[in-house]
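Student: the sequence and its predicted three-dimensional model are supplied below.
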Amino acid sequence: MALVRESIDFFDDLQRRVDLGLRHQGYLFVASTDEGARMQRSLVEAQRQWGLADVELLDAGEARRRFPYLASNVVNARYRQGDGWLEPRRLALELARLSGARFRMGETVIGFERDSEGCVVGVTTDRGKIQAGTVVIAAGPLSGPVAKLAGLNLPLTTVRRQKLIIPDLPQVPPEAPMTIEFETGAHWRPAGGGAHALWTAPAPAEPPLDDVPTSSAFAFGLLDPRSDHALARIAPFWQDIWMSSQLQ
């Protein structure tokens, strides 16, 4: 928890100097079943014991009063205004700039240089060698194959995840928090004039890919009100979006 607080303070300070897309619009976890509501109450108690004194447990009436877009089947909601999001790419580029990093684009790592004691002292690419006192493998889902080049077995499993980005949706409340259905995990947040929506679908492990294929079924699962994890389950305006000509 101390590490989280330190990170938030760091992001807030950096945002004052450069736009990271940081938004403190809160996280809202919404339960639509009695069991989900019970689990939410237990989570709030635990979070307060961890020191999150500002996390709120809202009953159905209070949740709909503060967030009028919520559905009538909401039982309770767990909310923390201080939560939010930022643009990871902007953050990474700004940290690179502050550290004086140089980018070498279009260059493929094909091996690692070692000294007489076997310590890694550089990287071999398809354009030559780069000496380095410290080498960090930060290749995301491709970190496993890169680590093998250094003789390391990195137990990394990659699973495909998708995000639905809709750039222009006037029905989405621009000041809404990240809104998550507690039971299914389906969630959305405002982004620009539209929204980002996600659902962590059960999926098998796959080999890491540079070009990851997408699936229209993912989008339909979030948008079609008949889906068991439709966004409209807790926010009915998503059904209006589905019925509109925008997505037909």
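Tutor: Thanks, I have it.

Student: residues near Gln131, how many?
Tutor: 9 (other CB atoms under 10 Å). Glycine gets a C-beta too; all of them are placed from N, C-alpha and C.

Student: how near is it to Thr214?
Tutor: 40 Å (CB to CB, to the nearest Å).

Student: buried residues of stretch 55-71, list them for me.
Tutor: By 16 or more other CB atoms under 10 Å, the buried positions in stretch 55-71 come out as 55, 57-58, 60, 63-64, 67, 70-71.

Student: what is the nearest of those to Cys119?
Tutor: Val55 (46.3 Å; CB to CB).

Student: past the helix or strand where Arg5 lies, which element shows up next along the chain?
Tutor: Using DSSP states H and E, Arg5 sits in helix 2-15. The first helix or strand that comes after helix 2-15 along the chain, using DSSP H and E, is strand 27-31.

Student: check which element follows that next one along the chain.
Tutor: helix 34-49.

Student: can you tell me the average pLDDT over stretch 125-140?
Tutor: Mean per-residue pLDDT for stretch 125-140: 95.

Student: typo on my end, it should be stretch 202-221
Tutor: In the prediction, stretch 202-221 has an average pLDDT of 90.

Student: now the strands for this structure?
Tutor: 27-31, 56-59, 76-80, 109-114, 120-125, 128-131, 163-166, 178-181, 187-191, 194-198 (DSSP state E).

Student: now for the fifth one, which elements pack on it?
Tutor: Strand 120-125 makes packing contacts with strand 109-114, strand 128-131 when contacts are defined by 3 or more CB pairs under 8 Å, 6 or more residues apart in numbering; DSSP states H and E.

Student: now swap in the second one and tell me
Tutor: Helices and strands touching strand 56-59, as assessed by 3+ CB pairs under 8 Å, 6+ apart, comprise helix 34-49, strand 76-80.

Student: buried deepest among these, which one?
Tutor: Greatest average neighbour count among these goes to strand 76-80 (a mean of 23), per mean count of other CB atoms under 10 Å.

Student: backbone dihedrals for the residue located most distally from the centre of the chain, both of them.
Tutor: Residue farthest from the centre of the chain, counting by CA atoms, centre = their mean, is Ser116 at 42.6 Å. Here is the backbone geometry of Ser116 (degrees, to the nearest 10): phi -70, psi -20.

Student: quick check: domain ranges of the chain?
Tutor: The chain breaks down by automatic domain parsing into domains covering 24-84+160-243, 107-156.

Student: which of those sits most buried?
Tutor: The highest mean neighbour count among the domains of the chain, using mean count of other CB under 10 Å, belongs to domain 24-84+160-243: a mean of 16.

Student: can you give me the end-to-end span of it?
Tutor: 31 Å (CA to CA, to the nearest Å).

Student: what do you get for stretch 201-217?
Tutor: End to end - CA to CA - stretch 201-217 spans 11 Å.

Student: any idea how far Pro167 is from Pro225?
Tutor: Pro167 is 22 Å from Pro225, by CB to CB.

Student: which ones are touching Gly111?
Tutor: Residues in contact with Gly111 (CB atoms under 8 Å, 6 or more residues apart in numbering) are 123-124, 149.

Student: one step back: turn the buried residues of stretch 55-71 into CSV, including distance to Leu156 and pLDDT.
Tutor: Compiled in CSV, these are given as follows (distance: CB to CB, whole Å; pLDDT from 0 to 100):
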residue, distance to Leu156, pLDDT
Val55, 33, 96
Leu57, 37, 99
Leu58, 39, 99
Ala60, 42, 98
Ala63, 39, 99
Arg64, 43, 98
Phe67, 38, 99
Leu70, 38, 99
Ala71, 39, 98
